[in-house]
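>>> can you look at this prediction? I've put the sequence above it.
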Amino acid sequence: MIKRRLNIRMSGLGGQGAVTAAHVLAMAANRDGKFSISNPFFGAEKRMAPAESYCRIGIERIYDRGELVFPDVIQVFHPQVITMGKSYTMPFYSGVKEGGVVIINSDQPLLSNDDVERLKDLNVAVFYIAGTELAIEVAGTELSTNMAMIGSVTGITKCVSMEALDGALQERFGKKFVASGGTASLDEAIKKKFAKKEMLLAKNLATVKAAYEIASEWADKNKVELRIGSPAVVA
Amino acid sequence: MASAHSVIGTQNKKGQTFTDTWKMLYEAPRTPSFFTGSEVIKEALRRASCDVMIAYPITPQSEAAALIGELFAEGYIGDYFRGESEFAVMSQCAGAAFGGARVFTTTAGPGTMRAMENFPMWAGARLPIQMIVTCRGINSPLSIQPDTLEIAYLLNTGMLVWHAETAQDFYDWILKGYMVSEEPDVHLPLALCCDGFFVTHTKDVVNLTPADMCLPPYDPYRSPVPCMDMECPPVRMMRDPFVMKSNYISYATHASWQQEIWAAIERSRKHSIHWLNGLIDTENTDAEILIVASGTAVSQGREAIRLLEEEGVRCGLVKVKTLRPWPEEEIREATKNAKHIFVPEFNVTGWLAKEIKATIPNHERVHAGPRVCGGMTMPPEIIVNEIKTTIGLKKSFVMAGRGS
């Protein structure tokens, strides 16, 4: 399916970097010359509390903002979003558009039979990726889980280029970044995991790439196509 | 006035050139940047020749306040500190402005409410303080999410009140705001409002003016009331105030002074029209269906208009930029052809719809909605549904997603 706009909802837990992931993805889309907007939605900043962020990418100026009620892609950053209902909606996939994709960070299936049936009826494909394990394996820290999630959505939708992602990551982590107290302390935490800033950037990009490959292969194999473009031009 | 003009072309201590504001905003090259609204506030302040910024943390303005602290550390702000509470901050802002400083502050939701006593005081004292209001829920149960109810409370304070739609509005209006509120025939505080998170925490493209250009500094001797200096101390107001007299003169003074504040808001019209290119923006106002909105509701309205176009329904748009001064004549003119006027709002009471109803003839044309509140999002589909149901294109609607 070719769409003028791709709506991505990222459901995670506080501290996982879902907000950062949406911002980085939108920054990359902007670098690619596409139109994009990203924004977060969360309560009091607290580790492990539900936190969501939204990234809209398209071929025309985007005004829509706020909570993404009708997403094409839903990314679940943590199993507890599903298993403990740490989501702004129940079920977590409510509002998902027909032909959409659900990407779940888990090494094992989490959906009930009812959920599986419901998503099948909506022609929504479900992709599991062990993103946290991948982050630990490639970057050496679970703090890079959000990079695996960026890689997986990019691998399936090709919504941004790898060059643009590289640039966006450098822009976000390569220089001093002032944010809220919570974000600032997490930034410090991840910087301590790496000897040098270049290492942080390289390992994070490697995590993005590794997830991209896995997701891209899955999409090819299962013939899942969800791209941004002008439907008129394609027809 | 003369002193402000004399510095044009010279440099400040950071090497920025004091530039004619019109040239800076309309003629100098712009650089596209992909920033959050908070980062945009910082970049506007970098160029605003601001003397004093006073901060107090409250979501969703905390990031902007912290970023301006960085600017102070870099040397772009004259002075910066954290007050003890929002009430203290707004009182301290008054002190700084009495002393002749260009003052900036930011607040949100319960902070705005807590500091409320100061706003009519600012207006009465004719202090051209600029306050960013990043609107959020104000009531219990506690919410940090966007909700524009607090704007309703600001409308009768005697402040200028503008409502920005995007971060680009924000950037330009922070700089233009000082130009309007520092005019001698205005000289009033400005509440520059936006919807929290939707603007402050959203990354969007914003075109910035050059970082090496800044506004001419504030000239306190353009104030229409005596500024506070060694020859004119504030003691008179405290020791010998009219309020202690209780005679005809004191009542007459207070009455005429209130009228003067509102006359100053009226006089700000011409300056606001000049700097903002009109108090409202309009698109396709010959359509029978119109959306009239301010802030983020304008953006959601634009998306709804796109969706309606795909279905062959034509809908126009009125973006209300200034709430004080209220664009009465402009709205009357823009809505004269409309049979249905929809006013989407992010608050429970629908204050904008009430203002519009009080302004136009045949106000049964005004449909006060859709409205969301308490931090809910307004998907464009909700606006489309409200319009289609009202004009009879659709009987019922079931929201498949959230909020159902």
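Cool, the structure landed.

>>> so which residues of chain A form helices?
Here chain A has its helices, by DSSP state H, at A:18-31, A:80-83, A:113-121, A:131-138, A:145-157, A:162-173, A:181-192, A:197-221, A:231-234.

>>> need these in a markdown table with mean pLDDT, distance to residue B:104 and mean neighbour count, can you?
For the C-beta atoms, the positions are set from N, CA and C on the backbone; glycine is no exception. Listed next are these as a markdown table, based on pLDDT from 0 to 100; distance: least, Cβ to Cβ, whole Å; neighbours: other Cβ atoms under 10 Å in any protein chain shown:
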| stretch | mean pLDDT | distance to residue B:104 | mean neighbour count |
| --- | --- | --- | --- |
| helix A:18-31 | 95 | 26 | 26 |
| helix A:80-83 | 95 | 40 | 19 |
| helix A:113-121 | 95 | 50 | 12 |
| helix A:131-138 | 97 | 41 | 21 |
| helix A:145-157 | 97 | 34 | 28 |
| helix A:162-173 | 92 | 27 | 18 |
| helix A:181-192 | 73 | 22 | 14 |
| helix A:197-221 | 94 | 33 | 18 |
| helix A:231-234 | 62 | 46 | 9 |
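
>>> between those, which gets nearest to chain B?
helix A:18-31 (4.5 Å; Cβ to the nearest Cβ).

>>> anything in the closest one sitting right up against chain B?
Yes - interface with chain B: helix A:18-31 contributes A:23, A:26-27, A:30 (Cβ under 8 Å from any Cβ of the partner chain).

>>> with residue B:269 as the reference, measure out to residue B:64.
29 Å (Cβ to Cβ, to the nearest Å).

>>> which one's more surrounded, these two?
residue B:64 (25 against 19; other Cβ atoms under 10 Å in any protein chain shown).

>>> secondary structure element holding that one?
Element membership for residue B:64 (DSSP states H and E) is helix B:62-74.

>>> ok, residue 81 - contacts?
Looking at chain A here, since you left the chain open. By Cβ atoms under 8 Å, 6 or more residues apart in numbering or on different chains, the residues touching residue A:81 are A:11-13, A:50, A:87, A:92.

>>> um, chain B though
With contact taken as Cβ under 8 Å, 6+ apart, residue B:81 is in contact with B:54-55.

>>> surely it forms part of a strand?
Yes - counting by DSSP: H, G, I helix; E, B strand; the rest coil, residue B:81 falls inside a strand.

>>> residues in a beta bridge with it, which ones?
residue B:54 (DSSP bridges).

>>> tell me, how many residues neighbour the single nearest residue of chain A relative to chain B?
Nearest residue of chain A to chain B, counting by Cβ to the nearest Cβ: residue A:95, 2.8 Å away. By other Cβ under 10 Å, 22 other residues sit near residue A:95.

>>> that one contacts residue A:71, doesn't it?
Yes - assessed by Cβ atoms under 8 Å, residue A:95 is found in contact with residue A:71 at 6.4 Å.

>>> quick one: low-confidence parts of the stretch 101-250 of chain B?
Filtered on pLDDT under 70, the stretch 101-250 of chain B yields the residue ranges B:227-245.

>>> excluding its backbone neighbours, what's nearest the one residue in it that gets nearest to chain A?
Relative to chain A, the nearest point of the stretch 101-250 of chain B is residue B:202 (3.8 Å; Cβ to the nearest Cβ). Among residues not flanking residue B:202 along the chain, residue A:39 sits closest, at 3.8 Å (Cβ to Cβ, 6 or more residues apart in numbering or on different chains).

>>> that neighbour: what's it in contact with?
Residue A:39 neighbours (Cβ under 8 Å, 6+ apart): A:22, A:53-54, A:65-66, B:197-198, B:201-203.

>>> one more pass at 6 Å, please.
By Cβ atoms under 6 Å, 6 or more residues apart in numbering or on different chains, the contact list for residue A:39 reads A:54, A:65, B:201-202.

>>> how about the residues of helix A:18-31 next to chain B in JSON lines, adding distance to residue A:138?
Formatted as JSON lines, the residues of helix A:18-31 next to chain B follow (distance: Cβ to Cβ, whole Å):
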{"residue": "A:23", "distance to residue A:138": "21"}
{"residue": "A:26", "distance to residue A:138": "23"}
{"residue": "A:27", "distance to residue A:138": "22"}
{"residue": "A:30", "distance to residue A:138": "26"}
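
>>> coming back round to it: present the contacts of residue A:39 as JSON lines; the columns should include neighbour count and distance to residue B:85.
Shown next, in JSON lines, are those (neighbours: other Cβ atoms under 10 Å in any protein chain shown; distance: Cβ to Cβ, whole Å):
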{"residue": "A:54", "neighbour count": "26", "distance to residue B:85": "33"}
{"residue": "A:65", "neighbour count": "26", "distance to residue B:85": "31"}
{"residue": "B:201", "neighbour count": "26", "distance to residue B:85": "24"}
{"residue": "B:202", "neighbour count": "26", "distance to residue B:85": "28"}
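
>>> mind telling me the two of those farthest from one another?
In terms of Cβ to Cβ, the contacts of residue A:39 reach their longest pairwise distance at A:54 and B:201, which sit 10.6 Å apart.
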